[in-house]
Structure formats: C-alpha cells, structure tokens
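>>> With the input below, show me the fold.
(chains A and B)
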There are 2 protein chains.
Amino acid sequence: MAEAVRHDKTARQLRLLSDALDSGRLGPVRRLVNTLSPAEIGNLLESLPPGKRQVVWGLVDPEDDGEVLVHVGEEVRESLLADMDTDEIVAAVEDLDIDDLADLVEDLPDTVIDEVLKSMDRENRERLEQVLSYPEDTAGRLMNPDVVTVRADTTIDVVLRYLRLRGELPEHTDHLYVVSRRHQYLGRIALAALLTHEPGTAINKLIDDEQPAIDVGETAGEVARQFSDHDWISAPVVDDNNILLGRITIDDVVDIIREEAEHQALSAAGLDEDEDLFSPVRRAFRRRLIWLSVNLCTAFLAASVVGQFEDSIAKLVALAALMPIVAGMGGNAGTQVLALMIRGLALGQIGASNVGVLLRKELSVALINGLVLGIGLGLIVLIWFRQPGLSFVIGSALTINLLTAATGGVLVPITLKRLGFDPALAGGVILTTLTDVMGFLSFLGLATLILLR
Amino acid sequence: MAEAVRHDKTARQLRLLSDALDSGRLGPVRRLVNTLSPAEIGNLLESLPPGKRQVVWGLVDPEDDGEVLVHVGEEVRESLLADMDTDEIVAAVEDLDIDDLADLVEDLPDTVIDEVLKSMDRENRERLEQVLSYPEDTAGRLMNPDVVTVRADTTIDVVLRYLRLRGELPEHTDHLYVVSRRHQYLGRIALAALLTHEPGTAINKLIDDEQPAIDVGETAGEVARQFSDHDWISAPVVDDNNILLGRITIDDVVDIIREEAEHQALSAAGLDEDEDLFSPVRRAFRRRLIWLSVNLCTAFLAASVVGQFEDSIAKLVALAALMPIVAGMGGNAGTQVLALMIRGLALGQIGASNVGVLLRKELSVALINGLVLGIGLGLIVLIWFRQPGLSFVIGSALTINLLTAATGGVLVPITLKRLGFDPALAGGVILTTLTDVMGFLSFLGLATLILLR
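Below you'll find the predicted structure:
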C-alpha cells in the first residue's frame, strides 16, 4: 500500500518529535520542525494533541507561520490562531499570496483583518478585496491576480528585455498571457516557446488560443475537473467581458481534489472534512450526537417493524436470531451499489440515459447473488434448525432484500442528487434504513404467512 | 456541491450523445466526441453501456485512441482493446509518452507488445524497457526518461542557443536539469530564471539544488505526498548513484491522488477502483459474491450470539424488537471513529505516540454520547413498554456498545495496518461484527441477568 509509506515517513518524524518533546529538549524539536516544508509542518501539527501542538507551533519559524496556517484544516487553524496575538497574525499573513490570504481571511478575527488590510499597499488591498468579492468555492476565490501579461504586437526580444527588467515571475508561471489594450484575454504563450524560438519571432505567431479561459464564477469542482481533464499547470480566469482577472495554479487544484476526496470519505459517516483528529471532547461529542440521533430515529423505524411481529417471534424464537442476517446482508449489498453510484455521480457518468441499464444490471447481479446466497443460507439454516419451511423463508427473504438493496442503491443517490442533497452524506443512512426495514419485513412477514398461519 | 456541476456538464454531454446515438445519426456523435479532450472522452466511454460504448469508441479520432486508453480504468480499457486489431493498437500506442506506454503495456496482448517494440526506434525501445524494469507503483514506473539537461559550466546565452536549436521541450517542462559529465543530478534551473536573467549569466549561479531528487524505488504514494507537500510541478528521478534517469510530472501525480481516493472509497465496500460501472453481470456478481459471503459469515457469528439467548427472548419478546437498535447504533458510532482513523493513518498522523490520547478522547466522547443517548433511548422504551428495568438495560447496553465502538474504531484500523492489511478494506467488516456481537451480547446478557432471573 502506498499509504503505508507516507505513514512510515511522517510517523517516523512524529516519533522523533514526540521523543524530543517528552524529554523537554526544545532545541532539537525546533531544528527538526524547521527542516520541514509548511505543508509537512501543518500535517505534523494536525497529528499532535492540543498541549504538544501549542508547544511545537511556538517553535515554528515565524516566516513559515502564514504558509502553515494555509495548510491545516479549519478546526486546527482556529486552535493555532487562538494562540497568537494580533501583531503575530498580521506578521504571519501579510506576505502570503492573495489567493492564500483570501482563503484564511474568514477565519481571522475582524480586528486582525482590519490590521492586515491597513498593512497592505493599495494595489494588493484592492486585489484582496476583489478576490473576496467572489463567493467561496468559485474560481474567483481561487485565483491569484498576480499575472504576467504581454501584448501581441511585439517580439520575443522585447518580451525578454521586459522580463529581465521585471526580475522574478510569480510561482508556477508556465505561460505568459497575451492581452488586448483593454486587458481582454487573447491567448497564452508558453515559457518554453519563448526559449525555443529565435529572438526576432513575433509574439502573435506563438500565441496558443486553444486553451479556454476559466469563467470567474465557475465552481471549484468544475475548475478541478478541467485541470485534470486537460493536464493544465495553470489557467487564466476572466470575467463576463473576457477581461483577464487572474490565474489559477495546479497546486490549489490538488488541494481541491484532496478536500473533495476527504469530504466524500468523511461525510458518509456524518463528519466534516475539517474535523480535527484531536478536537476537544465537548465539541466532538455534540457533532457526533446529531448524527447518532438521526440514526437512532431510523433504528426505531426498523424496530417498530419487528414490533409488529412480536407474536410470530414468540411462537418461533429462531426468527429473532436469524432476522439480523437478512437485514445486514441487504445493507452490505446496498453499500456496494451505493459506492459505485456515488463515484459515478461525482464523475458525471450517470444520467437519465443510462440509469435504466444500470438498474437492470444491478438487479441481475442481485438476483443471481440472492439465489446463490439464498440457497447457501437456506442450507445452513436447515442444518441448524431442521425446519425446511424456515429455510425456504430465509432464502426468499434474502433474495427479496438483495433486490431491494440494488434498487435502492441505484435510485436513492440519484434521487438525492436530483433533490439537491449530497448523496455521500445521506445516501448510506437512507439505504440501510430501507434494507433494515425491508429485511425484517420480508423475513418476518414471509415467516408469519408461510410458517405460522 | 462542486460535484453537482461536473455532473451537470458531463451529464449534458452524455444526454446529447445519447440522443444522437439513439437517433442513429453518427455524424453529430463523431463531431461531439472529437471536441473533447482524451480524458473527457475516457470519462464519457466509462459512462456508456457496452453496446453504445463500442459504437462511440469506433468514432473517436484514431490519433486520440492511445491517450483515451491511458485515461480509462483497467476494466473499461480491456473492453476497448478487445474491439481493436493488432495494427490499430500499435498505431494507437506508438506515439504515447514512455510513461503512459509503460502504464498500458501490461494490459496489451503479448503479440501486440512485440509489434509495438518493433515499431519503436532503438532509443525509445531501450527507454521503455528501462521503465518497465521497475516495479509497478514506484517512481521508476511513473517517470518519463525524456528530460532536457544542461551542464553547469556554461551561460544562459549558450543554453538559449541550444534550446532554439533543439526546438520543442517535453510537456510540462518547468525546469532544466543540470548534470555532471557522468550524468549525475546536480540541481535544476527554472525556465523563469533563464528568462529573467541577463544572457551572460553563468548557469551555476542559477542552480537551485534545494529540491531533493526522487529515488527511483520510491513508492507512488510517497511521490504524491512529496509533490503535494512541496507544490512541485515536476521532479527529477535518480538511481542509487544519483544518476538522472527521468522526470515525474504533476499530471501523473494528480492521477495517483484520484486513484488513491477512489481506492479508499470503494474498498470499504469490497470493490476495486478499476471496477467498470457497466461490467458484465457474470463478472460483477462473482466479485460481489465473495464480499457478501465474508459478510454472511460474520452475520452468522452475530446470529449465534442471539441464539444463545433464545430462552430470554421467548420470555420477553420485546428484546427482539429492541436488540437491533443497540447493535446498529454501535455500528454507526464505530464507523465515525473508523473514518477519522483511516484518514489519519493515510496522512501518517497516527503513531504510537498519540494512540493513547486518541483512545482517551474517543472513549470520553463515547461515554458522554452513551449517557445522553442511553437516557433518551431508555425514556422512549419506558413510554413504549412501561418496564423501567428494560429501560435501564437498554440504556446501559447502548453505553457499553458505544464504548466498544470507540475502542474498536481506534484499535482495529491501527492493528490492521500494523499487520500489513488495508484498514480501508477490512476495517468496516471487522468493526461492525464487533459492535453487532457486543450489542447483542450486552443487551441480551444484561436483560437475562437483571430482568429474567
């Protein structure tokens, strides 16, 4: 497993750090921490319990503070900010790129935001305010307004002279953008093209106008999709009038992809991707309580179905032992279909045109598995309880519940999505409620009809 | 939701395409398909059922065939390759980059591989054989040997002349690599630096030797971690003697990150990330059957616990209706802890030094939730059945099972990982078996001891 290695390396750092912390020698801790990149420091801070976290945070080179804050989850960020005074925060964030700063701003106290704005020069302040004027999770919020532009009616020669005069380029600049007099986006020129063509070449001969610009209102998810579908390193962002506003780079896209994946994995358990591994008990318990309460309600629904059959269970108590098998197997089968559907929906692979085919496929799979497992389960029950009728009932109920699971597995996430809900968040609860209820109902119902009349 | 938009856009293409396909007019389909990037075509093919998939695949511009094959999952790839003859496959793959070709090779029939090797010139054949000599999922397999190198004892001037002579640079080249006479990696020079410094500047003044090279044996997961921790666009790959072998680029890393996320999401349901949404029923049912059989065994384990208490259930049949609540709530609570732990383990944030703190935190959360929900559940049961003893038993059993869930949620994934198993694959099954068994045991056991003696 690839993860194992990451584990090994970070865990090794963690162990070294813990040992040094426990021994109270902070010198080695400081040296160790400051060999790491801001993202690595962020990861390390996230893996430390509150007390140690504050100690290590105090040892991080103040120059890295801002970048580290960018690289931790919201909950951890709040705990780190709580340890800093206004001056420290202002010093930490004032050198950040505009897009990173915009990302942080909403977590900063208002007084700090005022100070930060005051400490910036007018141009940067206006840029920040512009970025902040776009809604979260849109291209406008992700972009960095710091771009290098050139005009079409010039030559490589002139551009090279301009670049040498300018000095450094913004990080991850792989293209210069060609704009019109009114700053409209016309196309891009690869740095590689500037290097591989003769100095006299006209810029307009090198323009690549094939890459579409990203609309400033595009969602983060759509931006990520375009980047990975087209293997972009960076892309220009424009407004409705095609005026160039800024540039999005692949490093931010990688963060979006990671966050989306975490969101999907954690929301299935009713958790948020910003959840701190060590969040205080009083905070963690409340969030979990809400989720468990929802599940308690659905559990009562299933229990009330069982309650309807108390007479049958009293007559044939084996039903009580066997009924969780039928319900649980439905849940397992449904979860498999659901996982495939959630991936397919996230990739946009599922629409009205193929739902029918998918449902038929899943029903076929469920029918075959229902028959195979139903016969197997029936035989085991026959050996265990020596009642052919019970055997037949449990086999049939299992088949019915696997068919229910297939139907629900396909239709529940699609319906949720169509209604505007997140299938990854609510799909599992609804589906297992369905398979629990149907599992109990089919098994206890068939038993009552066939065995106990 | 960000996903919704991707859904919208791809689903729209899908709908257009389906309509065109259904109407039998292949001209518009071909035009539509060939406006898409290879990755988009791949995504579209994955969302088509087998019959339509073959039709659309036949319409893809042969020039894009190779790139499309690179961008689909293994199962879909096999179905596409099955439709092509040897000549078509050779034509499709011979222009691919070495790293992409290496990725495909294992899915090609042996006769095709021979033909492909024959069609390549000696240099590329040797490069391919070199890449293939490294194990899958290592840096060696991901790298592209096509890199631009320069020597340290020269000036920008000379390099520019060399580059203009050379013409195009390999895709995503953001740095040139500086090597010694023996081709040892010495450092890198940003294209931006070449553009922003005076032509007379010595190359050795521009060398950035801070970025460590990637070892050819490094795992794909560790490569991805380094890229995202350091915001790299590309990185050099070296062997044990520091000889430069090739270069890994961010687009491959993005694919790794996506695959890891899919692996984590699907393996929890016993599925493979290469699973085709439309895989043939005979193939899909077998894979699901294995997983469901494993779950059937664990369900029997839980059922046998219930079987031990048949006498108690016969005396107090309400137990049958209530016991799934206790078991199910434990499963829900455990799944929450498990989700957090799996993320933490994947990020390397959990080690011997913090397991104790985590376990204490989760036990505290479970205790509080157990008491709150236990009292709530007890009150509802009191109203429903009017038996204070039963109320007390179910509240206590719930608390015990939530504590079990917390302990298992922390320790099961850690133990699996330590034993070399994938916690995302097996963690859920083991944990829910534990909470089912413990849920039934604590509830029925306490009821027997307290109510039925």
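
>>> switch to C-alpha atoms for all contacts and neighbour counts from now on
Will do.

>>> and the residue in the stretch 301-450 of chain A that chain B sits nearest to, what are its phi and psi?
Closest residue of the stretch 301-450 of chain A to chain B, CA to the nearest CA: A:Gly348 (3.7 Å). In this entry, A:Gly348 is assigned phi and psi values of phi 70, psi 20 (degrees, to the nearest 10).

>>> burial measure for it, as a count.
A:Gly348 sits with 24 neighbouring residues when counted by other CA atoms under 10 Å in any protein chain shown.

>>> What score does it have for pLDDT?
pLDDT for A:Gly348: 84.

>>> now the one 3 residues further on
Reading off the confidence values, A:Gly351 has pLDDT 84.

>>> Do I have it right that it meets B:Arg15?
Yes - if you go by CA atoms under 8 Å, A:Gly351 and B:Arg15 touch, sitting 7.3 Å apart.

>>> Please identify which of these two sits among more neighbours.
Comparing A:Gly351 with B:Arg15 by neighbour count (other CA under 10 Å), the higher total belongs to A:Gly351, at 20 against 17.

>>> do you know how far that one is from B:Ala192?
With distances taken as CA to CA, to the nearest Å, A:Gly351 is found 45 Å from B:Ala192.

>>> B:Thr196 is in contact with A:Leu160, correct?
Yes - proximity of A:Leu160 to B:Thr196 meets the contact threshold set by CA under 8 Å, at 7.2 Å.

>>> Count the residues that sit near the closest residue to A:Ala269 other than its chain neighbours.
Closest residue to A:Ala269 in three dimensions, ignoring its sequence neighbours and counting by CA to CA, 6 or more residues apart in numbering or on different chains: B:Gln336, at 5.0 Å. A count of neighbours around B:Gln336, defined by other CA under 10 Å, yields 22.

>>> quick one: contacts for B:Gln336?
Contacts of B:Gln336 were listed using CA atoms under 8 Å, 6 or more residues apart in numbering or on different chains, and they are A:266, A:269-271, A:288, B:409.

>>> Buried ones from those residues, can you make that a ChimeraX selection?
Restricted to buried positions by 16 or more other CA atoms under 10 Å in any protein chain shown, the ChimeraX selection for the contacts of B:Gln336 reads:
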select /A:266,269,270,271,288 /B:409
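
>>> quick revisit: which helix or strand contains the residue nearest to A:Ala269?
Mapping B:Gln336 onto the secondary structure by DSSP states H and E places it in helix B:318-346.

>>> the inter-axis angle of that helix versus helix A:318-346?
Taking axes from the mean of the first three to the mean of the last three CA atoms, to 10 degrees, one finds that helix B:318-346 is oriented at 30 degrees with respect to helix A:318-346.

>>> any chance of the contacts of B:Gln336 in JSON lines, with distance to B:Leu452, pLDDT and secondary structure too?
Conversion of these to JSON lines gives the following (distance: CA to CA, whole Å; pLDDT from 0 to 100; DSSP: H, G, I helix; E, B strand; the rest coil):
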{"residue": "A:Leu266", "distance to B:Leu452": "42", "pLDDT": "89", "secondary structure": "helix"}
{"residue": "A:Ala269", "distance to B:Leu452": "37", "pLDDT": "87", "secondary structure": "coil"}
{"residue": "A:Gly270", "distance to B:Leu452": "38", "pLDDT": "88", "secondary structure": "coil"}
{"residue": "A:Leu271", "distance to B:Leu452": "40", "pLDDT": "89", "secondary structure": "coil"}
{"residue": "A:Arg288", "distance to B:Leu452": "34", "pLDDT": "92", "secondary structure": "helix"}
{"residue": "B:Gly409", "distance to B:Leu452": "32", "pLDDT": "97", "secondary structure": "helix"}
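
>>> from the contacts of B:Gln336, which is closest to A:Val112?
The shortest approach to A:Val112 among the contacts of B:Gln336 belongs to A:Leu271, at 29.7 Å (CA to CA).

>>> The strand or helix carrying A:Gly428 near chain B at all?
Using DSSP H and E, A:Gly428 maps to helix A:423-450. No - in terms of CA under 8 Å from any CA of the partner chain, no part of helix A:423-450 sits within range of chain B; the closest distance is 9.4 Å.

>>> so how far is that helix from its chain's centroid?
Average the C-alpha atoms of helix A:423-450, do the same for its chain, and the two points are 30 Å apart (CA atoms, centre = their mean, to the nearest Å).
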